[in-house]
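Asker: pasting the structure only:
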């Protein structure tokens, strides 16, 4: 699981609600199904908020489990924005697809109980290998009025 540290740019700083050039941990993952690449993911974490996070990350460790056990932080909600983008040559090679296959780009921000961002993640998934089902359930918001 490759990771690196660097200073945040505008996009990551805005998503994480931190100062520009704040030190971040960049964590890259490639998800496979039957040895076939299905999902590339790059996540960003504030090293000010989560000092030494890079020392706890390992190939078999759940990042959410580390956040819960070491930092007592748990994700309780997230927002996702899904777009369609053209694959770059690097993405096509990484995901074992051709550049003419559109990719789903998923931007995700996970939040803790106080609505403070935990991480910002950018994912790419080949549109010929995945599909999304979106369900809305507003039954809890509906009130019946008897007349």
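Answerer: Thanks, I have it. Computed from a predicted model, the values in this text were never measured in an experiment.
Asker: rest of the way, CA atoms for contacts and neighbours
Answerer: Will do.
Asker: Go ahead and flag the most central residue of the chain.
Answerer: residue 121 (2.6 Å; C-alpha atoms, centre = their mean).
Asker: and that residue, helix, strand or coil?
Answerer: strand (DSSP: H, G, I helix; E, B strand; the rest coil).
Asker: what pLDDT does it get?
Answerer: On pLDDT, residue 121 comes in at 97.
Asker: That one and residue 99, how far apart?
Answerer: Going from residue 121 to residue 99 by C-alpha to C-alpha, to the nearest Å gives 22 Å.
Asker: go on, residue 70?
Answerer: Relative to residue 99, and taking C-alpha to C-alpha, residue 70 is found at 41 Å.
Asker: more neighbours, those two?
Answerer: Using other C-alpha atoms under 10 Å, the more surrounded residue of residue 70 and residue 99 is residue 99, with 16 against 12.
Asker: Show the contacting residues for the more buried one.
Answerer: 86, 87, 88, 89, 92 (C-alpha atoms under 8 Å, 6 or more residues apart in numbering).
Asker: could you say which helix or strand contains the second one?
Answerer: Here residue 87, judged by DSSP states H and E, is contained in no helix and no strand.
Asker: residues contacting it?
Answerer: Shown in contact with residue 87 (C-alpha under 8 Å, 6+ apart): 98, 99, 100, 101, 102, 103.
Asker: in terms of contact, does the first one touch residue 92 like I think?
Answerer: So the one you mean is residue 98. Yes: Residue 98 is within contact range of residue 92, at 5.4 Å (criterion: C-alpha atoms under 8 Å).
Asker: out of these two, which sits in the busier spot?
Answerer: Applying other C-alpha under 10 Å to residue 98 and residue 92 shows that residue 92 carries more neighbours, namely 18 against 14.
Asker: so how far is residue 19 from the more buried one?
Answerer: Here the criterion is C-alpha to C-alpha. By it, residue 92 lies 33 Å from residue 19.
Asker: With residue 91 instead?
Answerer: Taking C-alpha to C-alpha, one finds residue 91 at 29 Å from residue 19.
Asker: between those two, which one's more packed in?
Answerer: The neighbour comparison of residue 91 against residue 19 (other C-alpha under 10 Å) goes to residue 91, with 18 against 14.
Asker: Do I have it right that residue 26 meets residue 5?
Answerer: Yes: counting by C-alpha under 8 Å, residue 26 touches residue 5, with 5.9 Å between them.
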